[in-house]
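# Give the three-dimensional model of this entry:
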Amino acid sequence: MKSAWLIVAACVVFPGCTKQDPAVETVGVASNPDGVEPHGLDHPGLDTPPRSRRVKRLTVQQLRNTLPALAGSDALGPITWRLPFFGGVDAFSEKGIGSVLGEPNYTSRVEEPRDVSPLYLKFVDDMSRDVCRTMALHDYGPGDENPVVLTRFVDKDDLSDSGAIDTNLRYLSLHLLGEYIAPDDEETLLPLRTLFNQAVDFEDEEHKRAREGWYTVCVALVASPSFHLY
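As a prediction, the model looks like this:
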């Protein structure tokens, strides 16, 4: 009973509690004679660049399969990255850098990281120098029944045949990177030709200079981002 009196007293003090609030008027939308949606639903499309996926590097397994296919073979077998211990162990094996780069062993690792880490770049530099050195030693070494790779379209000791050198540079770009350079595309070829000319520009026998030139071009291509990233 006491609570009922309190309610009555409250209504006396605050008389507005018994009044009906006026109806809320709805604000109408302005007329649209042009028929264009006012909230931008019919806004024309924007020419935005396509969404790109994240850049990935080659996996250890991909490198293991790729190098022998590109580098050919020498007297020891398919050319790959061999470490200078344990009798020239395959660098991509579990004893080499495979586990360091995170190749899955399906015991403690089931997925290999695909980011381009500083560690991966360090290994890329070492790998390109070792593989290209092996290829150059094979091309310029004693007779071997295995075909040459670096000097396929040029006399390996001739630095005077400019046309043959350019042809071989184009071949190496296509062979190692999958990038075709047309015969009349001097602009794209220029960086490789400049690199070759700088590499052979020292005082020594033509044989050694030519070998250094093709070795240098090989290292630049195998260490290139175009070789490792996709």
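# The protein: strands as residue ranges?
73-74, 77-78 (DSSP state E).
# List the neighbouring strands of the first one plus their orientation.
To tie it back to what came earlier, the one meant is strand 73-74. strand 77-78 (antiparallel) (DSSP bridges).
# Please tell me how far the strand it pairs with is from the chain's geometric centre.
27 Å (Cα atoms, centre = their mean, to the nearest Å).
# pLDDT (mean, whole number) over that strand?
For strand 77-78, mean pLDDT rounds to 92.
# how about low-confidence regions in the chain?
1-46, 49-53, 86 (pLDDT under 70).
# So which elements touch the helix ranked longest in it?
Counting residues, the longest helix in the chain under DSSP state H turns out to be helix 118-140. Contact analysis of helix 118-140 by 3 or more Cβ pairs under 8 Å, 6 or more residues apart in numbering; DSSP states H and E lists helix 60-71, strand 73-74, helix 206-222 as its packing neighbours. The C-beta positions use only the backbone N, C-alpha and C, and glycine is treated the same way.
# can you list the residues that contact that helix?
The contact list for helix 118-140, computed with Cβ atoms under 8 Å, 6 or more residues apart in numbering, reads 57, 63, 67, 71-72, 74-75, 79-82, 91, 97, 100-101, 144, 146, 148-151, 156, 207, 211, 214-215, 218-219, 222-223, 228.
# rerun at 6 Å
Contact with helix 118-140 is made by 71, 74, 79, 81, 97, 148-151, 156, 211, 215, 218-219, 222-223, as judged by Cβ atoms under 6 Å, 6 or more residues apart in numbering.
# Quick one, which of the residues you listed are buried?
71, 74, 79, 81, 97, 148-151, 156, 211, 215, 218-219, 222-223 (16 or more other Cβ atoms under 10 Å).
# Of those, which pair is most distant in space?
Ile97 and Lys156 (31.3 Å; Cβ to Cβ).
# Name the residues of the longest helix of the chain that are buried.
Within helix 118-140, the residues that count as buried by 16+ other Cβ under 10 Å are 120, 123-124, 127-132, 134-136, 138-140.
# with the buried ones among the contacts of helix 118-140 in mind, which one is nearest to Leu177?
Nearest member of those to Leu177, counting by Cβ to Cβ, is Val222, at 9.0 Å.
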